[in-house]
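Student: Fold the stuff below for me.
(one chain, ligands or ions: 2)
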Amino acid sequence: MTEHEIHRGLAGIYADSTAISRVDPDSNSLLYRGYPVQQLADTQPFEAVALLLWNGELPTQDELEWLRVNGRPHRPLRDDVRAALDALPPGAHPMDEIRTAVSVIGAREGEGESLHEGGPTREENVARSLRLFAALPAIVAYGQRRRHGLTPVPPREDLTYAQNFLWMTHGELPDPVVVDAFNRSMILYAEHTFNASTFTARVIASTLSDLHSAVVGAIGALKGPLHGGANEMVMHTFDEIGTADAVGPWLDQALAAHRKIMGFGHRVYKHGDSRVPTMRAALGTLVEHYDRPDLLALYEALEREFVERKGIYPNLDFPSGPAYHLMGFDTPTFTPLFVAARVIGWTAHILEQQEHNALIRPLAAYTGAPERQVPGWSAP
Ligand SMILES: CC(=O)SCCNC(=O)CCNC(=O)[C@H](O)C(C)(C)COP(=O)(O)OP(=O)(O)OC[C@H]1O[C@@H](n2cnc3c(N)ncnc32)[C@H](O)[C@@H]1OP(=O)(O)O
Ligand SMILES: O=C([O-])CC(=O)C(=O)O
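Tutor: Ligands and ions are numbered 1, 2, ... in the order given. Sure, this is the predicted structure:
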């Protein structure tokens, strides 16, 4: 017992303020810098949302050009990153690959040196964020290609971020329907206030550590199945169930075994995730494009049965999993895709934390053994 009020998992606690995004479970809305995420997904390329999150405003043409000129040289897979990835065991977890790649990039950025001089400036950190944002697609795409015994595909300067990502993964120019669905998914995944991985990044940034260390920590937090790892688990669930008519018996067994059904539930949204309708619509266009009504039938049957039985709604990972599958990504690549999207949210939060820093260090109510003497110890 303790006299302190404990909030396990920090549930319901406001740990700080943020101007980057607002999650409102009552109105079921998500705003990035004031803009509804659905409107951004309908109109913006992912790279414009990156500048919005970092700078607070949608970019002008000149600013987008700045991003293009400064980002595209960082699109190719660097030799040192490829060597580090190739040195990992073939069965390494894809999130371990991404974490390793970001560590290599961070070490080469030489951030550690400037820590002693008060840390990098905001401009330096925005430039680092841009380089990392530009470099991640080649790393994620190579992860998938390496698993299938393929060599990297060099990036193309003439393609948008979303087109180029798909190009480097598959080695062919993607259909506009697929590019649009992919761009939407990246925007929807980009930012979500104080989720576990972003909070991890902020804790690390609050010690005045460097940007890449904070991103590496965030990747570790995102890897878990209660957070980003769920989009991959959704596809395993689909594979396990097989067809829509098997949903009922499968759910009977899963619930009897007290299994968590991945892609459902959320710490903040209790009446449905604001991003799901937009991603569900994108999944619908992909299902039509690839003529896969069987996949949609399974999706709908599982959603209907689970909501009916438990009153717990799907989160973004539920439509994203099958959507990424249709886009030709293998299942292990799903959570790394989340990294490539969320890196713009993480880095925006690292910048914000550094601008108004307070070391994040909560208290813990002690419940261990009362004070006692070490056997054999005697007072000096
Ligand atoms: C993009 C994202 O990161 S979104 C989150 C992705 N994660 C998942 O999809 C994993 C599955 N979902 C979950 O584990 C949870 O819903 C979480 C972790 C996301 C949110 O959890 P919390 O807010 O801590 O709620 P908590 O886990 O306590 O759930 C409350 C109750 O609902 C149940 N519940 C919640 N989600 C699920 C689920 N997906 N399947 C089965 N039961 C569930 C819990 O077992 C618990 O039941 P109990 O009160 O009988 O013990
Ligand atoms: O907000 C959360 O806790 C998890 C989530 O949906 C996200 O990070 O996108």
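
Student: Ala369: which element?
Tutor: Applying DSSP states H and E as the criterion places Ala369 outside every helix and strand.

Student: out of everything not next to it in sequence, what's closest to the most centrally placed residue in the chain?
Tutor: Residue closest to the average C-alpha location in the chain (Cα atoms, centre = their mean): Phe338, at 3.3 Å. If the residues on either side of it in the chain are set aside, Phe338 comes closest to Gly228, at 4.4 Å by Cβ to Cβ, 6 or more residues apart in numbering. Where C-beta positions appear, they are placed from N, C-alpha and C, glycine not excepted.

Student: Tell me the backbone dihedrals of the one you found, please.
Tutor: phi -70, psi -30 (degrees, to the nearest 10).

Student: tally of neighbours for it?
Tutor: By the criterion of other Cβ atoms under 10 Å, Gly228 has 27 neighbours.

Student: contacting residues around it?
Tutor: When contacts are counted by Cβ atoms under 8 Å, 6 or more residues apart in numbering, Gly228 is found next to Ser197, Leu222, Asp317, Thr335, Phe338, Val339, Arg342.

Student: swap in Leu337?
Tutor: Contacts of Leu337 by Cβ under 8 Å, 6+ apart are Val140, Ser185, Met186, Tyr189, Asn231, Tyr324, Phe329.

Student: Which of the three states applies to it?
Tutor: Recorded secondary structure, Leu337: helix (DSSP: H, G, I helix; E, B strand; the rest coil).

Student: Please tell me how far it sits from Gly242.
Tutor: From Leu337 across to Gly242, the span is 24 Å (Cβ to Cβ, to the nearest Å).

Student: Distance from whatever helix or strand Pro249 lives in to the middle of the chain?
Tutor: Here Pro249 sits within helix 247-256, counting by DSSP H and E. The chain centre lies 29 Å from the centre of helix 247-256; the measure is Cα atoms, centre = their mean, to the nearest Å.

Student: Can you give me the buried ones in the next helix or strand after it?
Tutor: Using DSSP H and E, the helix or strand that follows helix 247-256 in sequence is helix 276-290. Going by neighbour count (16 or more other Cβ atoms under 10 Å), the buried part of helix 276-290 is Val276, Thr278, Met279, Arg280, Ala282, Leu283, Thr285, Leu286, Val287, Tyr290.

Student: List just the nearest of those residues to ligand 2.
Tutor: Set against ligand 2, the nearest of these by Cβ to the nearest ligand atom is Val276 (10.4 Å).

Student: Correct me if wrong: Leu64 contacts Phe46.
Tutor: No: here Leu64 lies out of contact with Phe46, judged by Cβ atoms under 8 Å, at a distance of 11.6 Å.

Student: List the buried residues for the strand or helix carrying Val126?
Tutor: Counting by DSSP H and E, the element that carries Val126 is helix 122-147. Across helix 122-147, burial judged by 16+ other Cβ under 10 Å covers 125-126, 128-147.

Student: Stretch 290-309 too?
Tutor: Within stretch 290-309, the residues scored as buried using 16+ other Cβ under 10 Å are Tyr290, Arg292, Leu295, Leu296, Leu298, Tyr299, Ala301, Leu302, Glu303, Glu305, Phe306.

Student: Is Ala214 inside a helix or a strand, and which specific one?
Tutor: Per DSSP H and E: Ala214 is located in helix 211-223.

Student: any idea which helix or strand comes after that helix?
Tutor: helix 230-241.

Student: Tell me if that next one is near ligand 2.
Tutor: No: judged by Cβ under 6 Å from any ligand atom, helix 230-241 stays clear of ligand 2, getting no closer than 9.1 Å.

Student: Could you tell me how many residues sit around the closest residue to ligand 1 within the chain?
Tutor: Among all residues of the chain, Gly265 sits closest to ligand 1, at 2.1 Å; criterion: Cβ to the nearest ligand atom. For Gly265, the count of nearby residues is 18 (other Cβ under 10 Å).

Student: ok, the nearest residue to it once chain neighbours are set aside - contacts?
Tutor: In space, and not counting its chain neighbours, Gly265 is closest to Ile312: 4.9 Å by Cβ to Cβ, 6+ apart. Residues near Ile312 by Cβ under 8 Å, 6+ apart: Ile261, Phe264, Gly265, Phe306.

Student: Can you tell me which of those residues is nearest Thr347?
Tutor: Proximity of those to Thr347 (Cβ to Cβ) peaks at Gly265, which lies at 27.5 Å.

Student: Now for that closest one: which residues touch it?
Tutor: Ile312, Tyr313, Asn315 are the contacts of Gly265 under Cβ under 8 Å, 6+ apart.

Student: can you tell me which of these are up against ligand 2?
Tutor: Asn315.

Student: Make TSV from the contacts of Gly265 and add distance to Arg8, pLDDT and secondary structure to it.
Tutor: As requested, the contacts of Gly265 are exported to TSV (distance: Cβ to Cβ, whole Å; pLDDT from 0 to 100; DSSP: H, G, I helix; E, B strand; the rest coil):
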residue	distance to Arg8	pLDDT	secondary structure
Ile312	20	98	coil
Tyr313	23	97	coil
Asn315	21	97	coil
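
Student: Return the helix or strand in this protein with minimum mean pLDDT.
Tutor: Each helix and strand of the chain was given a mean pLDDT (mean pLDDT, DSSP states H and E); the minimum falls on helix 111-115 at a mean of 60.
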